[in-house]
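Engineer: Starting from these lines, generate the structure:
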Amino acid sequence: MEILAEIGDEEIAKVYIGKTSKGNIVEFVESTPTYNPYEKWVLIVSTLNGCPVGCMMCDAGTFYHGRLSYEEIMGQINHAIHKKFPDGNVESKKFKIQFARMGEPTFNPAVLDVIVDLGKRYENFFPSLSTVAPIGVDSFFNKLIEIKKRMYPDRFQLQFSIHTTNETMRDKLIPIKKWSFKKIAEYGSKFYDDGGLKITLNFALAKENEVSAKVISRYFPEDRFLIKITPINPTGIGDTRENEIGSNCGMYVLRYVKEKEPLNNSYTMVPETLHI
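Structural biologist: Coordinates of the predicted model:
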């Protein structure tokens, strides 16, 4: 992994722009929410080069150049690990990796292999996966639930990014075919284990994004689901220094590509029809 740019403060959060051995430009983040990496240390990694979904609030959806390989995902993780813990032994009580930085993770089966292998390597590994629940990747979701039940019954954070309870607005915000609320609720209830984490329903709120408590309670029982509100930058929630760094939202890759490596044949804009 060749590091092209670094932004931020290692004591709070740091964003890395890297070039993989295959020439893909990726973005990943390390964060220390507790300001003590031995208590909790978080990585947020890319799973695709860009993203074909095109969510309205996300810059990563303006270009797409395919899946990252297992090695390219692990390259992000290993770079961050060896920089913070040179011997490769992550000494944090809680070592969390979010597959959520750039790209819809369910489009990449290599993510599953990474989750399995990290669980074998690190007893303190805590996986986190965020998805918009696309249609057509049921095989990924089926394997994910099998892995979770077998390896992580009490320490897997699954998040569905919904953003609004208005179906028309949801289609506008997330312009691909996706699971209904009913199917998300059914899968989430199966995914949940007693004593484990509740399934997260994420809302990046804006004035136009209607959220109805009645709709939420109709589909999602409170004993298995919780609500998370993710403000779009800038935000006053959390550590404001993360806003300045840009680690909690937004993508640096597009900015870097535009400034350093103008879009060419390697970085095609997302077409209307995509074959994942």
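
Engineer: I'd guess Lys83 is in a helix, am I close?
Structural biologist: Yes. Membership of Lys83 in a helix is supported by DSSP: H, G, I helix; E, B strand; the rest coil.

Engineer: gap between it and Met1?
Structural biologist: 11 Å (Cβ to Cβ, to the nearest Å). The way it works is simple: take the backbone N, C-alpha and C, and place the C-beta from them, glycine included.

Engineer: list the contacts for Lys228?
Structural biologist: Going by Cβ atoms under 8 Å, 6 or more residues apart in numbering, Lys228 touches 159, 200-203.

Engineer: Let me know the outermost residue of this structure.
Structural biologist: In the chain, Lys214 marks the outermost C-alpha relative to the chain mean, sitting 27.6 Å out by Cα atoms, centre = their mean.

Engineer: which element is that one on?
Structural biologist: Following DSSP states H and E, one finds Lys214 within helix 213-219.

Engineer: Which strands or helices does the one helix or strand Ser130 maps to pack on?
Structural biologist: Assigned by DSSP H and E, Ser130 belongs to strand 125-131. With contacts defined as 3 or more Cβ pairs under 8 Å, 6 or more residues apart in numbering; DSSP states H and E, strand 125-131 has these neighbours: strand 94-99, helix 110-121, strand 157-161.

Engineer: Please produce CSV containing the ones you listed, extended by mean neighbour count.
Structural biologist: Listed next are the helices and strands packed on strand 125-131 as CSV, based on neighbours: other Cβ atoms under 10 Å:
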stretch, mean neighbour count
strand 94-99, 21
helix 110-121, 17
strand 157-161, 21
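
Engineer: Select, out of the ones you listed, the one closest to Asn36.
Structural biologist: Evaluated over the helices and strands packed on strand 125-131, closeness to Asn36 peaks at strand 94-99, with 10.7 Å, by Cβ to Cβ.

Engineer: Just the C-alpha atoms of that closest one, please, in CSV.
Structural biologist: C-alpha atoms of strand 94-99 as CSV (Å, rounded to 0.1, in the frame of the first residue of the first chain):
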residue,chain,number,x,y,z
LYS,A,94,-11.9,-3.4,21.5
PHE,A,95,-10.6,-3.5,17.9
LYS,A,96,-13.4,-2.5,15.6
ILE,A,97,-13.4,-2.4,11.8
GLN,A,98,-16.2,-0.7,10.0
PHE,A,99,-16.7,-1.8,6.4
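
Engineer: Quick check: mean pLDDT of it?
Structural biologist: Averaging pLDDT along strand 94-99 yields 96.

Engineer: Now do it: distance to the chain's middle.
Structural biologist: Distance of strand 94-99 from its chain centroid, counting by Cα atoms, centre = their mean, to the nearest Å, is 10 Å.

Engineer: in the protein, which segments are predicted with low confidence?
Structural biologist: Counting by pLDDT under 70, the ranges of the chain that qualify are 52, 54, 56-63, 231-276.

Engineer: can you give me the strands in it?
Structural biologist: With DSSP state E, the ranges of strands along the chain come out as 2-9, 13-19, 25-31, 40-45, 48-50, 64-67, 94-99, 125-131, 157-161, 199-203, 225-229.

Engineer: among the ones you listed, which is nearest Ile73?
Structural biologist: Going by Cβ to Cβ, the one of the strands of the chain nearest Ile73 is strand 40-45, 6.1 Å.

Engineer: List the buried residues of stretch 167-174.
Structural biologist: Neighbour counts over stretch 167-174 (16 or more other Cβ atoms under 10 Å) mark 169-170, 173-174 as buried.

Engineer: what residues does it touch?
Structural biologist: Defining contact as Cβ under 8 Å, 6+ apart, one finds that stretch 167-174 is touched by 53, 55-57, 132, 161-164, 178, 208-210.

Engineer: now these: which count as buried?
Structural biologist: Among the contacts of stretch 167-174, the ones that count as buried by 16+ other Cβ under 10 Å are 53, 55, 57, 132, 161-164, 178, 209.
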